[in-house]
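Colleague: okay, structure incoming, though there's no sequence with it:
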Ligand code: 9UX
């Protein structure tokens, strides 16, 4: 079964920022979909909890260079 996570992502100033975050998330195993909204500072992710979890996704966003917080 898939799960959904919403993150606040602070520090993105252009759409290329959002693109690099999206790409990094989609490289992880167990990701169904990732949509990053630069205007609203949000990342919405659909994932398979058997393969990846919220904290791994959050750390991946941080490793791209942005401050990420799990909202729900
Ligand atoms: Mo370009 Mo967006 O270096 O912060 S990717 S500004």
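Modeller: It's in. Since we're looking at a predicted model, the values are computed, not measured. Numbering: from 1, shown residues only.
Colleague: got the contact list for residue 69?
Modeller: Contacts for residue 69 (CB atoms under 8 Å, 6 or more residues apart in numbering) come out as 7-8, 10, 58. Where C-beta positions appear, they are placed from N, C-alpha and C, glycine not excepted.
Colleague: now it: how far from residue 29?
Modeller: Using CB to CB, to the nearest Å, residue 69 is found at 23 Å from residue 29.
Colleague: got the contact list for the closest residue to residue 14 other than its chain neighbours?
Modeller: Nearest residue to residue 14 in three dimensions, chain neighbours excluded: residue 38, at 6.8 Å (CB to CB, 6 or more residues apart in numbering). Contact analysis of residue 38 by CB under 8 Å, 6+ apart lists 12-15, 17-18.
Colleague: for residue 38, give its distance to the ligand.
Modeller: Separation of residue 38 from the ligand (CB to the nearest ligand atom, to the nearest Å): 8 Å.
Colleague: same check on residue 55?
Modeller: Distance, residue 55 to the ligand, by CB to the nearest ligand atom: 24 Å.
Colleague: circling back: tell me which of the contacts of residue 69 is nearest to the ligand?
Modeller: Nearest to the ligand among the contacts of residue 69, counting by CB to the nearest ligand atom, is residue 10 at 11.6 Å.
Colleague: and residue 63, helix, strand or coil?
Modeller: Following DSSP: H, G, I helix; E, B strand; the rest coil, we place residue 63 in the helix state.
Colleague: contacts only, for it.
Modeller: With contacts defined as CB under 8 Å, 6+ apart, residue 63 is in contact with residue 24.
Colleague: do residue 43 as well
Modeller: Shown in contact with residue 43 (CB under 8 Å, 6+ apart): 6-7, 9, 21-22, 25, 34-37, 61, 68.
Colleague: in the helix or strand hosting it, what's buried?
Modeller: Taking DSSP states H and E as the criterion, the element that holds residue 43 is strand 42-47. Buried positions in strand 42-47, judged by neighbour count with 16 or more other CB atoms under 10 Å: 42-43, 45, 47.
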